[in-house]
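S.K.: From the sequence below, what's the structure:
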Amino acid sequence: MELITQDGALRWCERHGLGIRLDIQTATPLRLAGQPQAIRVSIEGSPTDVIGMGYVLLMTGVPDDNEDCFEGALIWLRDWDIWSRGAEQVGHLLAYGIRGPGTPSIAEAPGHILGSGEFVAARALLTLPMLFQWDAIFVPANGRFLAILSHHGWVDLLATDSESAAMMAARFTAGGYSVS
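M.R.: You can find the predicted model right below:
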């Protein structure tokens, strides 16, 4: 896992063909260039359901749902101090455990580039913002979509094409998640 700054995360997205820009004027932190296909999925259910949803998200677009085919991703934490101090301290401690000792703070390096052999770390890291309701962005290395995780309890999936959008909608609907 490579830890990167916010600017580094934006550059990573550009290198992966996503024409995105930071938009601090709206509640949605990123915009995808062009006319992206958008799908909203509610984050709800038990913690086990939420962890399962993270798996579905990570495996979207992975051939044959084979974890060995995971190509890597960017997981970019955007806001992680939203709730009570006590609750956030638990999330920070878990993030520290995933990121490793001696690493910069989340504020200094909120972006995480995970390689093809780091599926378990990616799953653990993606689970944090879903469980603690932090704002984050997930982008698979193939750049076919990005997911904006919101502390409001939803994930916006922005696909670069209609084929990817249809695949995501079918995948989340089949998983029993509320798609709109």
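S.K.: Point out where the chain drops to low pLDDT.
M.R.: Along the chain, the model assigns pLDDT under 70 to residues 19-36.
S.K.: And the strands in this structure, which stretches?
M.R.: 2-4, 20-22, 30-32, 37-42, 73-79, 111-114, 135-140, 145-150, 154-159 (DSSP state E).
S.K.: wait, which of those strands is closest to residue 102?
M.R.: strand 2-4 (10.9 Å; CB to CB). For the C-beta atoms, the positions are set from N, CA and C on the backbone; glycine is no exception.
S.K.: ok so, going back, a markdown table for the strands of the chain, including distance to residue 66?
M.R.: What follows is the strands of the chain, written out as a markdown table (distance: least, CB to CB, whole Å):
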| stretch | distance to residue 66 |
| --- | --- |
| strand 2-4 | 24 |
| strand 20-22 | 28 |
| strand 30-32 | 27 |
| strand 37-42 | 23 |
| strand 73-79 | 16 |
| strand 111-114 | 17 |
| strand 135-140 | 14 |
| strand 145-150 | 19 |
| strand 154-159 | 21 |
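S.K.: nearest to residue 88, of the ones you listed?
M.R.: Nearest of these (CB to CB): strand 73-79, 10.6 Å.
S.K.: does residue 82 really touch residue 136, like I thought?
M.R.: No. Judged on CB atoms under 8 Å, residue 82 makes no contact with residue 136 at a distance of 11.3 Å.
S.K.: Which of those two has more residues huddled nearby?
M.R.: residue 136 (26 against 13; other CB atoms under 10 Å).
S.K.: which ones are touching residue 168?
M.R.: 39, 60, 145, 157, 159 (CB atoms under 8 Å, 6 or more residues apart in numbering).
S.K.: Distance of it relative to residue 179?
M.R.: 9 Å (CB to CB, to the nearest Å).
S.K.: got it, and residue 132?
M.R.: 23 Å.
S.K.: so the spatially most central residue of the chain bridges to which residues?
M.R.: Taking CA atoms, centre = their mean, the centroid of the chain lies closest to residue 138, which sits 2.5 Å from it. Going by DSSP bridges, residue 138 is paired in beta bridges with residue 75, residue 147.
S.K.: Could you pull out the helices in this protein for me?
M.R.: 6-15, 47-59, 85-99, 119-132, 162-174 (DSSP state H).
S.K.: Pull out the buried residues from the last one.
M.R.: Of all the residues in helix 162-174, those buried under the rule 16 or more other CB atoms under 10 Å are 164-165, 167-169, 171-172.
S.K.: thinking again about what came up before, of all the helices of the chain, which one is nearest residue 76?
M.R.: It's helix 6-15; of these, that one is closest to residue 76 (CB to CB) at 4.5 Å.
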